[in-house]
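Asker: just a sequence and a predicted model for now, questions to come.
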Amino acid sequence: MHKELKDWLELIDMEDPDLHRLHGDASSRSYYRLKNNLGGIVMDASEAKESVPVFIGVGQRLMDAKVRIPTIKSYETNKGFIFLEDVGSTHLLDKCVEGVDARPYYDKAIETLVKLQTTPSKGLEPYDERFLLEEMNLMTEWYLKEYLDTSLECLEGRMLLESFSLIAKEVLSQPQGIFVHRDYHARNLMVDENEEIVVIDFQDAREGALTYDLVSLLRDAYVKLDTRELRRLILLFRDLKGLDVDDETFIRWFDFTGLQRHIKILGIFARLAIRDGKKEYIKDIPLTLKYILEVGYKYPELNGLISLLKSQYGEFKDAPVTMRMF
């Protein structure tokens, strides 16, 4: 803990704060648990001060929509500090272990997502075609070229662009204008002492497609759901939303949105490992790649993309995969 953070805590009546550093996320933010009588979590975003007003603004939207998030107790936008309610240390991921029935928690996460999508999205940056394509190009630059050191032929580059355009078109074919958390998965959902779902890490929210957060939850990089359970939860979301959409169409929306997200994630994991030195994300690449191949095989129009990625799958197919199944 640096002196400026300590001085701010003392300024808000936390004399001699006893802070214990917590495991961080993929960002430059740091987190600390306050061990004195007040209790709470301190976020140090001093290296990304611009994110603090955004965090506060999105948090207010969620609170207005009655979505459970950690209460924001105090903040200092100029320095990049936030003092939050401590909702415990249990993530949804911690419920995905042998001997625990995770299904009730996933049902709650689906119900929470339906509520989250009532959050006003006006004024948030859009998940438009340009941004969808920009995200998928991360895979080309960081996974294929930088991580795998692959030199793409002209035809392969063109095929990738065509595949990305097709995927973006499918994502945009579903209902838009929805509040999108962007990382609504098992590591960003807490389970509090009342067994309720608490949403965290929401500052990157955008306005976008209906199924984006559903994909984040049900096909995340850390938990692999049983096929039957996956289908049940997909259709549970549709039914709770009251959508008049047939199974085939809705699952196609879900599949193509998942392809867009996982293509992006391949690039992000590679970038985190190479540029940011966070090598631990390499272990999450195999499951992400597996998702792309499993879904892509269902759609002949993506044969070129799948063939290219399949040729790179050899080094991963026997690699240990960090995941839970139920």
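Answerer: Good, I have the coordinates.
Asker: any idea which residue sits dead centre in this protein?
Answerer: With distances taken as C-alpha atoms, centre = their mean, the chain has D183 as the residue nearest its mean C-alpha position (1.9 Å).
Asker: which stretches in the protein count as strands?
Answerer: For the chain, the strands defined by DSSP state E occupy 19-21, 30-34, 40-44, 72-76, 81-84, 178-180, 189-191, 197-199, 206-208.
Asker: adding distance to L161 and mean pLDDT, write these out as CSV.
Answerer: For glycine as for every other residue, the C-beta is placed from the backbone atoms N, C-alpha and C. Listed next are the strands of the chain as CSV, based on distance: least, C-beta to C-beta, whole Å; pLDDT from 0 to 100:
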stretch, distance to L161, mean pLDDT
strand 19-21, 43, 81
strand 30-34, 38, 87
strand 40-44, 39, 90
strand 72-76, 42, 92
strand 81-84, 40, 92
strand 178-180, 24, 98
strand 189-191, 35, 96
strand 197-199, 35, 98
strand 206-208, 21, 97
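Asker: closest to M139 out of those?
Answerer: Nearest to M139 among these is strand 206-208; the distance by C-beta to C-beta comes to 18.8 Å.
Asker: what's next to that closest one, contact-wise?
Answerer: 121-122, 124-127, 131, 176-180, 182 (C-beta atoms under 8 Å, 6 or more residues apart in numbering).
Asker: was I right to think L34 contacts L19?
Answerer: Yes: using C-beta atoms under 8 Å, L34 makes contact with L19 at a distance of 5.9 Å.
Asker: what pLDDT, on average, does stretch 229-240 get?
Answerer: Averaged across stretch 229-240, pLDDT comes to 97.
Asker: which residues touch that stretch?
Answerer: 103, 106-107, 110-111, 113-114, 214, 218-219, 225, 245, 247, 250-251, 254, 326.
Asker: what do you get for stretch 39-47?
Answerer: Contacts for stretch 39-47 (C-beta under 8 Å, 6+ apart): 1-2, 4-5, 9, 17, 19, 22, 28-34, 51-52, 55, 70, 73, 79-86.
Asker: buried residues of it, list them for me.
Answerer: G40, I41, V42, M43, D44, A45, S46 (16 or more other C-beta atoms under 10 Å).
Asker: does the first one have beta-bridge partners, and which?
Answerer: It stands for G40. When bridges are called by DSSP bridges, G40 pairs up with L34.
Asker: which strands or helices does the longest helix seen in the chain pack on?
Answerer: Ranked by residue count, the top helix of the chain under DSSP state H comes out as helix 247-274. Contacts defined by 3 or more C-beta pairs under 8 Å, 6 or more residues apart in numbering; DSSP states H and E place helix 247-274 against helix 129-138, helix 154-172, helix 212-218, helix 227-241, helix 285-296.
Asker: show me what counts as buried in the last one.
Answerer: Neighbour-count burial for helix 285-296 flags I285, P286, L287, T288, L289, K290, Y291, I292, L293, V295, G296 (criterion: 16+ other C-beta under 10 Å).
Asker: run a quick neighbour tally on the residue lying closest to D220 once chain neighbours are set aside.
Answerer: For D220, ignoring the flanking residues on the chain, the nearest one in space by C-beta to C-beta, 6 or more residues apart in numbering is H185 at 3.6 Å. Residues near H185, counting by other C-beta atoms under 10 Å, number 23.
Asker: residue contacts, H185?
Answerer: H185 touches S216, L217, D220, A221, Y222, V223, counting by C-beta under 8 Å, 6+ apart.
Asker: can I get these in TSV with pLDDT and neighbour count?
Answerer: Shown next, in TSV, are those (pLDDT from 0 to 100; neighbours: other C-beta atoms under 10 Å):
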residue	pLDDT	neighbour count
S216	96	23
L217	97	24
D220	88	27
A221	81	26
Y222	83	16
V223	88	23
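Asker: of all these, which comes closest to I274?
Answerer: Nearest member of the contacts of H185 to I274, counting by C-beta to C-beta, is A221, at 17.4 Å.
Asker: verify the stated contact: the closest one with I265.
Answerer: Yes: if you go by C-beta under 8 Å, A221 and I265 touch, sitting 6.2 Å apart.
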